[in-house]
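A.B. asks: Coordinates for the following, if possible.
(one chain, ligands or ions: 1)
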Amino acid sequence: MDYFIKNIISLLREKTSLQENEIEKLIEIPPDPKMGDYAFPCYSLSKTFKKSPNIIATELSNTLHAIRPIAEIKAIGPYVNFFVDRVTLSEITLKTISEERDGYGTKTAGKDKTVVVDFSSPNIAKHLAVHHLRSALIGNAIYHIYKTLGYKCVGVNHLGDWGTQFGQLIVAYKKWGSENAHHTYTVTDLNNLYVRFHQEAEKNPGLEDEAREWFRKLEAGDTEAKELWQHFKDTSLKEFQKIYDMLGIHFDAFIGESFYNAMVEDTVARIKEKGLTKISEQALIVDLEPYNMPPCLLRKKDDTTLYATRDIAAAEYRKKTYDFEKMIYVVGSEQKLHFNQFFKVLELMGYDWASRCVHVDFGLMKFKDGKMSTRKGKVVLLEDLLIESVERIRKIIEEKNPSLENKEAVARDVGIGAVIFADLCTKRSKDVVFDWDEVLNFEGETGPYVQYTHARLCSILRKYGRPVMADIKFELLKEDESFILIKNLGQFPSVILKAAEFYEPSLICNYLIDVCGNLNRFYNAHRVLSDDKEITKARVLLVDATRQVIKNGLHILGIHTPEQM
Ligand code: ARG
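C.D. replies: Numbers count the residues shown, from 1 in each chain. This next block holds a predicted model:
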């Protein structure tokens, strides 16, 4: 717990009948720092004291004595507001950052606990769609947020590599695609085969039956079907990997839906045993009407399994294999019902861990730039999006800083960082509108802006040219601009906790934007490098701490931090 909150709690415990954790939950941070550093609302005491919250606040503030590290206690309306001793706060915060460095923000809360993160999970034989990008970026950030908190994380790519569509693809491939050699195949070729299949199937419905038959063969382990399917899968994985590499995203396991084919039999048997199944229109279902949901389909009338069946099997398998504390599925909001349904089935199967499965949903990504619009039939190719971003940043660097060394690497870090930040900085449940001018603006609330702020701090430290020391006179950092920035830096660990609690990487983005704003206000008001040795030493420590926090924050989001740009 925050050192200051601890002190505030012990002050309040003497004068109220509240428990430690009750007080902790009530304590707020006033939106305006002029109102104090912490505030305690008195509404909940109204009943016990039989007085208005305003009167309680006044009385409490009169009886409480501020002792270090609390500097002042003041009633403001129904709140008791606490001002902390600036020197103490600065010393604690800056010393912690300078000791913990890259580890600042890391915790041990998750020690010995495992979190499974199911993310990106694209469908093979199709291009990685934009929602797989959003899932990849949000999932990767959540993975690192939990890792920072000390959890063992298992990142799983639940590839969509099973289903009737692969029967369709096999039919299409055999009819119109097999003249090309396997190795020259691309995902675009596979995608075109799909499109062709659907066009032809409209005229010739018999094709659908053929496709079903091929998928049935595939589920039964037919050699030819398996070989073709493996080829589709290899082709797709090669292309997906290229994008994951560009984004610096790593998975601990690529385990596609096909893997669970061998397990669904047992899973379905267990569901049956619990008496949960019914036959409806020849299909095997779990009736979820009592829970106001449509039925969960386990087997179609042709005996083939479904997406939900495989998800249930996968959940059981993961529980057995990883014994997770929590399982997080990062998947678009349009699949909300699917997750609610199969989580319910897990619960009905008697698994208490069903309540620890979470669907972390997100909105759509829309494109403002006509060139990248996702009008019907035109998918935005992610690779093109990333390449274009890097290209645009390269041009900006060429204009602004043509003599920069390693321009290529910087353009890549910033171009890709811009896309990642743009995706993550909106609350995940909202749609993201992707607009190049905004995304790449070095002065907006963007990745390039945060990265540029970081690079500027590095350049100040290079100019300083000496080791940064933490044995400074902390009273030299008492001015408002320095203090507000330091306080902000001290909030980093609690921002990560909150981001984990709500599965919300945008909290880290917004936090970093705040840090950059506070840094700029500090920088505009005070000279860092001057002839005054002591002041310089103190401000350099603050600059270094800010650099460190921005770096740690961006790394959690999966964004690189070039030192020059
Ligand atoms: N492949 C699915 C799709 O593209 C997403 C899979 C998400 N993960 C899961 N366990 N269902 O829609």
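
A.B. asks: So which residues of the stretch 301-450 of the chain form helices?
C.D. replies: 307-322, 336-348, 382-400, 407-424, 436-439, 447-464 (DSSP state H, counting those that start in this stretch).

A.B. asks: ok and the last one relative to helix 407-424, angle-wise?
C.D. replies: Between the axis of helix 447-464 and that of helix 407-424 there is an angle of 130 degrees, by axes from the mean of the first three to the mean of the last three Cα atoms, to 10 degrees.

A.B. asks: contacting residues for the closest residue to the ligand within the stretch 451-565 of the chain?
C.D. replies: Nearest to the ligand, among the residues of the stretch 451-565 of the chain, is residue 503, at 15.0 Å (Cβ to the nearest ligand atom). For glycine as for every other residue, the C-beta is placed from the backbone atoms N, C-alpha and C. The neighbours of residue 503, taking Cβ atoms under 8 Å, 6 or more residues apart in numbering as the test, are 142, 328, 358, 360, 428.

A.B. asks: Does it fall in a helix, a strand, or a coil region?
C.D. replies: Using DSSP: H, G, I helix; E, B strand; the rest coil, the secondary structure recorded for residue 503 is coil.

A.B. asks: next one: the one 10 residues further on
C.D. replies: At residue 513 the chain is in helix, as set by three-state DSSP.

A.B. asks: okay, now it: neighbour count?
C.D. replies: 18 (other Cβ atoms under 10 Å).

A.B. asks: Tally up the residues packed near the residue lying closest to it once chain neighbours are set aside, please.
C.D. replies: Excluding its sequence neighbours, the residue lying closest to residue 513 (Cβ to Cβ, 6 or more residues apart in numbering) is residue 445, at 4.9 Å. By other Cβ under 10 Å, the residues close to residue 445 number 18.

A.B. asks: Return the residues of the stretch 51-200 of the chain in contact with the ligand.
C.D. replies: 118, 121-123, 158, 160 (Cβ under 6 Å from any ligand atom).

A.B. asks: ditto for the chain
C.D. replies: So far as Cβ under 6 Å from any ligand atom goes, the chain lies against the ligand at 118, 121-123, 158, 160, 311, 329, 331.

A.B. asks: Among these, name the ones in strands.
C.D. replies: 118, 329 (DSSP state E).

A.B. asks: which among the residues of the chain next to the ligand gets closest to residue 177?
C.D. replies: Closest approach to residue 177 among those (Cβ to Cβ): residue 123, at 18.0 Å.

A.B. asks: can you pull the contacts of the closest one?
C.D. replies: Residue 123 touches 159-161, 165, counting by Cβ under 8 Å, 6+ apart.

A.B. asks: So what's the predicted local confidence for the residue of the stretch 1-150 of the chain found nearest the ligand?
C.D. replies: Nearest residue of the stretch 1-150 of the chain to the ligand, counting by Cβ to the nearest ligand atom: residue 121, 3.7 Å away. pLDDT, residue 121: 97.

A.B. asks: got a list of what the nearest residue in space to it that is not next to it in sequence touches?
C.D. replies: Closest residue to residue 121 apart from its sequence neighbours, by Cβ to Cβ, 6+ apart: residue 158 at 4.2 Å. By Cβ under 8 Å, 6+ apart, the contact list for residue 158 reads 118, 121, 255-257, 314.

A.B. asks: can you list the residues you listed in TSV and add distance to residue 106?
C.D. replies: Below are the contacts of residue 158 laid out as TSV (distance: Cβ to Cβ, whole Å):
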residue	distance to residue 106
118	24
121	28
255	28
256	33
257	35
314	30
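
A.B. asks: right, and out of those residues, which lies closest to residue 249?
C.D. replies: Nearest member of these to residue 249, counting by Cβ to Cβ, is residue 121, at 12.3 Å.

A.B. asks: Pretty sure that closest one sits against residue 161.
C.D. replies: No. Under the criterion of Cβ atoms under 8 Å, residue 121 is not in contact with residue 161, lying 10.0 Å apart.

A.B. asks: And the closest residue to residue 511 other than its chain neighbours, which helix or strand is it part of?
C.D. replies: With sequence-adjacent residues excluded and distances taken as Cβ to Cβ, 6+ apart, residue 511 is closest to residue 495, at 4.6 Å. With secondary structure defined by DSSP states H and E, residue 495 is part of helix 492-501.

A.B. asks: How about residues contacting that helix?
C.D. replies: With Cβ under 8 Å, 6+ apart, helix 492-501 has contacts from 2, 104-105, 107, 109, 142, 145-146, 148-149, 504-505, 507-508, 511, 549, 552-553, 556.

A.B. asks: and if you look at stretch 360-370?
C.D. replies: 130-131, 133-135, 138-139, 142, 328-333, 335-336, 373-374, 380, 423, 426, 428-436, 503.

A.B. asks: hmm, back to that, of all the residues of the stretch 51-200 of the chain next to the ligand, which two lie farthest apart?
C.D. replies: 118 and 123 (14.1 Å).

A.B. asks: on that earlier part again, out of the contacts of residue 158, grab the one that's most surrounded.
C.D. replies: residue 118 (26 neighbours).

A.B. asks: That one pairs with what?
C.D. replies: residue 156, residue 329 (DSSP bridges).

A.B. asks: Please name the residues that touch it.
C.D. replies: Contacts of residue 118 by Cβ under 8 Å, 6+ apart are 139, 156-158, 327-331.

A.B. asks: and the residues you listed as CSV, adding pLDDT?
C.D. replies: Formatted as CSV, the contacts of residue 118 follow (pLDDT from 0 to 100):
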residue, pLDDT
139, 98
156, 98
157, 98
158, 98
327, 98
328, 98
329, 98
330, 98
331, 97
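
A.B. asks: Among these, which one lies nearest to residue 539?
C.D. replies: Among the contacts of residue 118, and counting by Cβ to Cβ, the member closest to residue 539 is residue 139, at 38.8 Å.

A.B. asks: so which strand or helix has the closest one?
C.D. replies: Going by DSSP H and E, residue 139 is part of helix 130-148.

A.B. asks: how far does that helix sit from the chain's center?
C.D. replies: How far helix 130-148 lies from its chain's middle: 4 Å, per Cα atoms, centre = their mean, to the nearest Å.

A.B. asks: quick one: contacts for whichever residue of the stretch 201-350 of the chain sits closest to the ligand?
C.D. replies: In the stretch 201-350 of the chain, the residue that lies nearest the ligand is residue 331 (4.5 Å; Cβ to the nearest ligand atom). Contact analysis of residue 331 by Cβ under 8 Å, 6+ apart lists 118, 121, 135, 339, 359-361.
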